[in-house]
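In: Need coordinates for the below:
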Amino acid sequence: MSVDTICQDARTWVETGLTAIGSTQANAFPLNNNTQNEFTTVGSGTGCILPMAFPSPPSQISVFNAGSNALAVYPPLGGTINGGTVNAPYSLAAGTGLTYWASSLSNWYSVQTSNSGGGSGTVNSGTVSNLAYYGATGTAVSGGTKFGYDATNTCPIWTPVPAPGSPSQGDQWFDSVAGAIVTCRFVDGSGNALNTMDDGTFFRCGSCTALANTASQTSILGSPTNSWGSKTIPSGALRAGQIIEIAFQALLQSTNTPTLTWFVTFGGTTVLFSAANTVSANPNTTNVQIAPWALYIRSTGSSGSINGAGYTATLDAGLQSWFFGTRGQGNGTGADITGVNYNQANAVDLQAQYSAASTSNTVQVIGCQMRLRG
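Out: You can find the predicted model right below:
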């Protein structure tokens, strides 16, 4: 076995020159998560076995059979492929390839690619025109030429495309706006989807409209530029134990000495808030950096709970020093916030409040990212 290339990102490995072994699920060649595998020696009846999707989906494994016999591809113990019989192998014909993706720890689905040349067992073209996606029923749907094989770098290639209008759970594409591989992780009963990049990002934006002349707690994410995704999470999409991370950078300006407080809300409820920090009088725009704040999904349902933690770090150009807000944990006491209805759509929002309304008291987000962990 040799590791030849790392492609797509630092977590995807290409393994070439593999030899299939064993004759049962128990002694087949073990595959690793997020790898691309080329089997060049495939004896009659030999095979390989998919792993559990550790630590959690999404996970992808590509297998190409460059041998002379069919390759038995087994699911993990107790698992299935394409929703078929538990522990039953998939017979991968010589000269064909499959990419498997995990919908759970033990269930895998296949995205099929095969050699259009019909015999050599090597994909040499830049794209694969007869890509098919297989669902639980085994029905193939044409995938066109949006996914292919880079023979030079021996790794899959994706053609950037706009996000589909109505994606289904498990759909995956290289998003032309996000500039990343995107997965549809959940779709609610009304067709509202939760789409995330491969690092969990579900919302990203550049600068937003500056907040000015108000002393009320107000959103600072109005009219975002260069945005991707949505701050609103569909009904039923979240699970207990997941974490929402929020990081942003902003500019503030003041000619007097007001205080400024930061807030993070979920579904309209304030979960996190900072101390009311005094801003020094300075006619120049100053830089504010906010370390990631985290919302912890404690329990879900119609009356779930949430908690969180975070801190602010603001560079005041007038003082040339850092000052830190108090940790806004939960509702200020560290206790969970209860009565959160996860059976409805909930928006994550960043808000701010000056102690005095003035046209010279402004705050403007210049970059924001929200990610879902777990």
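In: mind listing what's buried in stretch 352-372?
Out: 352-355, 358, 361-366, 368-372 (16 or more other Cβ atoms under 10 Å). C-beta: built from backbone N, CA, C; applies to glycine.
In: Now the two most distant members of these.
Out: Longest distance between any two of these is 37.1 Å, between S358 and L372; criterion Cβ to Cβ.
In: Run a quick check on A20 versus T46, I expect a contact.
Out: Yes. A20 is in contact with T46 according to Cβ atoms under 8 Å; the separation is 3.8 Å.
In: Look at these two and report which has more neighbours.
Out: A20 (25 against 21; other Cβ atoms under 10 Å).
In: wait, what's in contact with that one?
Out: Taking Cβ atoms under 8 Å, 6 or more residues apart in numbering, we find A20 in contact with A28, F29, F39, T41, V42, G43, T46, G47, C48, G67, L71, A72.
In: What is the burial count for the closest residue to S358 other than its chain neighbours?
Out: Closest residue in space to S358, ignoring its immediate chain neighbours: N213 at 6.3 Å, by Cβ to Cβ, 6 or more residues apart in numbering. N213 has 12 neighbours, counted by other Cβ under 10 Å.
In: Now for N213: which residues touch it?
Out: Counted by Cβ under 8 Å, 6+ apart, N213 has contacts A357, S358, T359, N361.
In: how near is it to I233?
Out: As judged by Cβ to Cβ, to the nearest Å, N213 and I233 stand 31 Å apart.
In: just T278 next, same as before
Out: 34 Å.
In: Without its sequence neighbours, what residue ends up closest to the most centrally placed residue in the chain?
Out: Nearest to the mean C-alpha position of the chain, counting by Cα atoms, centre = their mean, stands G200 at 2.4 Å. Nearest residue to G200 in three dimensions, chain neighbours excluded: R371, at 4.1 Å (Cβ to Cβ, 6+ apart).
In: again with T300
Out: Per Cβ to Cβ, 6+ apart, closest to T300 is Y342, 4.2 Å.
In: One more: P162?
Out: Leaving aside its sequence neighbours, P162 sits nearest to S176 (Cβ to Cβ, 6+ apart; 5.6 Å).
In: How much space separates the one you found from P156?
Out: S176 is 17 Å from P156, by Cβ to Cβ.
In: ends of stretch 192-209, how far apart?
Out: Stretch 192-209 stretches 26 Å from its first residue to its last (Cα to Cα, to the nearest Å).
In: Kindly report the same for stretch 41-50.
Out: Start-to-end, stretch 41-50 (Cα to Cα) is 18 Å.
In: Use 50 as the first number for this chain going forward.
Out: Taking 50 as the first residue, the last one we looked at is stretch 90-99.
In: What residues of that stretch count as buried?
Out: V91, T95, G96, C97, I98, L99.
In: and which of those residues is nearest to D220?
Out: L99 (20.6 Å).
In: right, and that closest one touches L126 too?
Out: No. Applying Cβ under 8 Å as the test, L99 and L126 come out as separate, 10.2 Å apart.
In: Where does the prediction get shaky in the stretch 300-423 of the chain?
Out: Low-confidence segments of the stretch 300-423 of the chain (pLDDT under 70): 330-340, 362-383.
In: Now do the strands in it.
Out: Per DSSP state E, counting those that start in this stretch, the stretch 300-423 of the chain carries strands over the ranges 308-315, 318-322, 326-327, 331-348, 353-358, 361-365, 370-373, 386-389, 395-403, 411-422.
In: Show me the one of the ones you listed that comes nearest F297.
Out: strand 411-422 (4.0 Å).
In: picking that back up, so what's the residue nearest to P211 up against?
Out: Taking Cβ under 8 Å, 6+ apart, one finds P209, V210, P211 in contact with S225.
In: Report the contact partners of the last one.
Out: Under the criterion of Cβ under 8 Å, 6+ apart, the contact list for P211 reads D224, S225, V226.
In: pretty sure the last one contacts G278?
Out: No. Counting by Cβ under 8 Å, V226 sits too far from G278 to count as a contact (9.1 Å).
In: With neighbour numbers in mind, choose between the two.
Out: G278 (21 against 15).
In: For that one, which non-adjacent residue is spatially closest?
Out: F252 (4.2 Å).
In: what about the one you found, how many residues close to it?
Out: Here the number of neighbours of F252 (other Cβ under 10 Å) works out to 23.
In: Can you say which helix or strand has it in it?
Out: Using DSSP states H and E, F252 maps to strand 250-254.
In: buried ones in the helix or strand that contains V63?
Out: Applying DSSP H and E as the criterion places V63 in strand 62-68. Buried residues in strand 62-68, counted by 16+ other Cβ under 10 Å: W62, V63, E64, T65, L67.
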